[in-house]
Structure formats: structure tokens, C-alpha cells
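Only the shape, not the letters, is given here:
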């Protein structure tokens, strides 16, 4: 509770009426020194906690209004940025689609290369077995060449002469064997 003290004033103050029914002459003005407050307030309209609460509420309201203003400014700025970037979104989507297509082609090429590497590895093992067979064939060819080199360039084969055989049959006639006398191209002949 707040009490206010008024200063002592001695100008034109009347004396208090006396109790007891006696009315006396009007007292002359005198100055009154007061140690205690003259006017005492019994009830305060606003106490200190109420004032602090009002101050806190006003501060919170000002902060909320300023925060809402900043949020509105940020939303306007973001909307302006989005509007400025809108023409580039279509180009960005086309670029992403092209990149996805390139990535798909690279993935397909990678799979084909892996399959080719596997095939190459299988062919490599086949080549090793073919090399082994080729080496044995080369040894056989060398043996044949060595045998062929030992032979003369030309071999004279004996000639075949034709002989006529006559036979007599029981009927008194003669039969003859077929004539041979031709040359064949077989074995140098």
C-alpha cells in the first residue's frame, strides 16, 4: 500500500472544531508540522507487481508484433526469390532428366563392360588350352617335316605292264581280260 505525505502548509488553515460543544473563537492560522502523512491512501489502484505484469505484457506484445513483422518481411523476400528462380526450374528439370539418362547409359555400359571382362576371362582360359593343343600340333608338324625332309624329292614307282590272258572255255572260244595300259596320277605315276 502506498502512502503519500503532503508538505506542511500553514496558510489559511482553520482550527479544528473542538468536541464537547464548546465553540470558541476562531483560532488564528498557525503552521502545522506533520511527521506523518496527512493523506493516507487505504487502497492502491496499481500495485508494484501489477505494474511489473503490465510492463512485461506490453514488452511481450511489442516483441510479438516485431517478430510478426520480421516474419512477414522474410516471407516476402522468400517469395521474391522463388519468383526470380521460377524461370530456371524448367531448365533445371531438363538438366536433371538429361543427367539421369546419362547415368542410365553409364550404368548400362558398366554392365556391358563387366560382362565383356567375364567373357574375356573365359576366353583367356580357352586360349591357354588352345595354346597347349597348338604346341602339341606344332611338335607333330615338326616331326612330319623332319620325316618329309628325309624323303627324296621324287620317287620312281615301278610301271605296271598289261598282260593279256587268254583262257579257253569249254565251248572252244577264248575270253580275254580287260585291257589295262592307262596311266593314273596316283603316287607319281
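All right, it came through fine. Note that the structure is predicted; figures quoted are calculated from it, not measured.

what's the helix or strand for residue 120?
helix 48-150 (DSSP states H and E).

lowest confidence element among the helices and strands of this protein?
strand 174-176 (a mean of 56; mean pLDDT, DSSP states H and E).

Can you pull the phi/psi pair for residue 46?
Main-chain dihedrals, residue 46, degrees, to the nearest 10: phi -130, psi 120.

List the contacts of it.
residue 54 (CB atoms under 8 Å, 6 or more residues apart in numbering). For every residue, glycine as well, the C-beta is placed using N, CA and C.

And for residue 134?
Per CB under 8 Å, 6+ apart, neighbours of residue 134: none.

can you rerun that using 10 Å?
The neighbours of residue 134, taking CB atoms under 10 Å, 6 or more residues apart in numbering as the test, are residue 127.

can you pull the pLDDT of it?
pLDDT, residue 134: 91.

So it versus residue 100, what's the distance?
Using CB to CB, to the nearest Å, residue 134 is found at 49 Å from residue 100.

So residue 152 lies in a helix, does it not?
No. Under DSSP: H, G, I helix; E, B strand; the rest coil, residue 152 falls outside any helix and is assigned coil.

how deep is it tucked in, by neighbour count?
Residues contacting residue 152 under the criterion other CB atoms under 10 Å number 6.

Any chance of the backbone angles for it?
According to degrees, to the nearest 10, residue 152 has phi -70, psi 160.

same thing with the one 4 residues further on?
Its backbone dihedrals place residue 156 at phi -90, psi 120, with angles given as degrees, to the nearest 10.
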